[in-house]
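Enquirer: got a predicted structure here, sequence first:
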Amino acid sequence: MKQFTQFESRELGQELIDLGLEYKFNPRLDIQKGQGKRIGCIFLNPSLRTRVSTQIAAQNLGMEAIVLNMDKEGWALEMQDGAIMNKGTVEHIKDAAGVLGSFFDVLAVRAFPTLTQKQEDLSDFVINQFIKYAGIPVVSLESAIRHPLQSLADMITMQEYQKENRKPKVVLTWAPHIKAIPHAVANSFAEWSLGMGYDLTITHPEGYDLDESFTKGATLEYDQSKALEGADFVYVKNWSSFQDYGKIHSTDPSWMLTQKHLVNAPNAKVMHCLPVRRNLELSDEILDSDRSLVQVQAKNRIFAAQAVLSKIIE
Ligand code: CP
């Protein structure tokens, strides 16, 4: 595996899920594997889970992890090739990524979308500039359009909690929010769920359709209560409009999941990638109940990252 930026195949997905579960059972199984290797974790945006879980994953493999909060500690990067750098940017990505590529064996990058430059975001411009100039394997810590390490952790979590010997019903439900939120988590969750063969229903208010290149094969249901009927896993996430790019069209509080919403899904487990705005996106009564898998998902971020790094340094 040379890069980890998106879902590739069901076969590789299953291999990573199984390896992640093996590491969960025995985190130091491959403590020798990464000896002498170094990963650089470059954050252009804030993080709690991704930052710490990737560091722990690297340590579990015997690797050294160095974190650079580029947004606060690094030089302002120029991303555009051929730019005349007479404005605010100080260092070109070509130079910075080249240097980082010579310092590390693996580079991991978080780069959120602009939510204003749709075509640039859709091309995953920033992470692809790192890939172009670093010359070493790159792992996405969340890009403009995908969050694959989160989705791998989510797939590990669903496999762990899939009790019955039947295909579970998975529902991705939009939740209200006061800020314009990227599509990456929702896109990736759809991409991985469908890729791994899950039966996925997506529900959201009209005007919130996701990019169909991620959702092809899913059932779209605008009626949230109908969508939730018989659900086994309910993934709660806000995203801003994709059509009217980056805009907020609804903050309708009736979309926030409560126990009442799950009256026809008595066994449903509820997932969210965190951070979550309590009682705006998701109610206390759900988050603090036995239905909630949010802490399991967060812990599984370690083993998802460990499985990916283990394959990358193989
Ligand atoms: N879920 C997730 O990516 O969390 P952080 O933004 O805190 O890393």
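Expert: Good, I have the coordinates.
Enquirer: from now on I want contacts and neighbour counts done on CA atoms only, so please keep to that.
Expert: OK.
Enquirer: if I pick residue 149, what's in contact with it?
Expert: 140-142, 301, 304-305 (C-alpha atoms under 8 Å, 6 or more residues apart in numbering).
Enquirer: ranges for the helices of the stretch 201-314 of the chain?
Expert: 212-215, 224-228, 284-287, 294-312 (DSSP state H, counting those that start in this stretch).
Enquirer: now do the second one: which elements does it pack against?
Expert: Of the remaining helices and strands, those touching helix 224-228 by 3 or more C-alpha pairs under 8 Å, 6 or more residues apart in numbering; DSSP states H and E are strand 169-174, strand 199-203.
Enquirer: show me which residues of the stretch 201-314 of the chain are close to the ligand?
Expert: Contact residues, the stretch 201-314 of the chain versus the ligand (C-alpha under 6 Å from any ligand atom): 273-275.
Enquirer: quick one: the strands in this structure, in order.
Expert: 38-43, 64-69, 77-78, 91-92, 106-110, 138-140, 169-174, 199-203, 219-220, 233-237, 269-271 (DSSP state E).
Enquirer: can you redo those strands as CSV with mean pLDDT and mean neighbour count?
Expert: As requested, the strands of the chain are exported to CSV (pLDDT from 0 to 100; neighbours: other C-alpha atoms under 10 Å):
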stretch, mean pLDDT, mean neighbour count
strand 38-43, 98, 23
strand 64-69, 97, 16
strand 77-78, 97, 20
strand 91-92, 98, 17
strand 106-110, 98, 25
strand 138-140, 98, 25
strand 169-174, 98, 25
strand 199-203, 98, 22
strand 219-220, 98, 16
strand 233-237, 98, 24
strand 269-271, 98, 24
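Enquirer: export those strands to a markdown table and tack on distance to residue 123?
Expert: Shown next, in a markdown table, are the strands of the chain (distance: least, C-alpha to C-alpha, whole Å):
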| stretch | distance to residue 123 |
| --- | --- |
| strand 38-43 | 19 |
| strand 64-69 | 23 |
| strand 77-78 | 17 |
| strand 91-92 | 19 |
| strand 106-110 | 15 |
| strand 138-140 | 14 |
| strand 169-174 | 24 |
| strand 199-203 | 24 |
| strand 219-220 | 25 |
| strand 233-237 | 23 |
| strand 269-271 | 28 |
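Enquirer: run through who's touching stretch 68-87.
Expert: Residues contacting stretch 68-87 (C-alpha under 8 Å, 6+ apart): 40-45, 88-93, 96, 126, 129.
Enquirer: and these near the ligand, which?
Expert: Restricting the contacts of stretch 68-87 to contacts with the ligand (C-alpha under 6 Å from any ligand atom) yields no residues.
Enquirer: pull out the buried residues from stretch 149-165.
Expert: 149-158 (16 or more other C-alpha atoms under 10 Å).
Enquirer: those residues in helices, which ones?
Expert: 149-158 (DSSP state H).
Enquirer: can you pull the contacts of the spatially closest residue to residue 67 that is not a sequence neighbour?
Expert: Spatial nearest neighbour of residue 67, chain neighbours left out: residue 41 (4.7 Å); criterion: C-alpha to C-alpha, 6 or more residues apart in numbering. Applying C-alpha under 8 Å, 6+ apart, we find residue 41 in contact with 51, 65-68, 107-109.
Enquirer: and the ligand, which of those reach it?
Expert: Restricting these to those near the ligand by C-alpha under 6 Å from any ligand atom leaves residue 51.
Enquirer: between the contacts of residue 41, which is closest to residue 172?
Expert: When these are compared for distance to residue 172 (C-alpha to C-alpha), residue 51 wins out at 25.1 Å.
Enquirer: around that closest one, how many other residues sit close by?
Expert: Residue 51 has 20 neighbours, counted by other C-alpha atoms under 10 Å.
Enquirer: can you list the buried residues in the worst-scoring helix or strand of the chain on mean pLDDT?
Expert: Scoring the helices and strands of the chain by mean pLDDT, DSSP states H and E places helix 70-73 at the bottom, with a mean of 88. Within helix 70-73, the residues scored as buried using 16+ other C-alpha under 10 Å are residue 70.
Enquirer: any stretches of the stretch 151-300 of the chain with poor pLDDT?
Expert: By pLDDT under 70, the stretch 151-300 of the chain has no low-scoring segment.
Enquirer: minimum distance to the ligand, which residue of it gives it?
Expert: Nearest residue of the stretch 151-300 of the chain to the ligand: residue 273, at 4.4 Å (C-alpha to the nearest ligand atom).
Enquirer: what sits against that residue?
Expert: Applying C-alpha under 8 Å, 6+ apart, the residues contacting residue 273 are 150, 185, 237, 294, 297-298.
Enquirer: how about 7 Å then?
Expert: 150, 294, 297 (C-alpha atoms under 7 Å, 6 or more residues apart in numbering).
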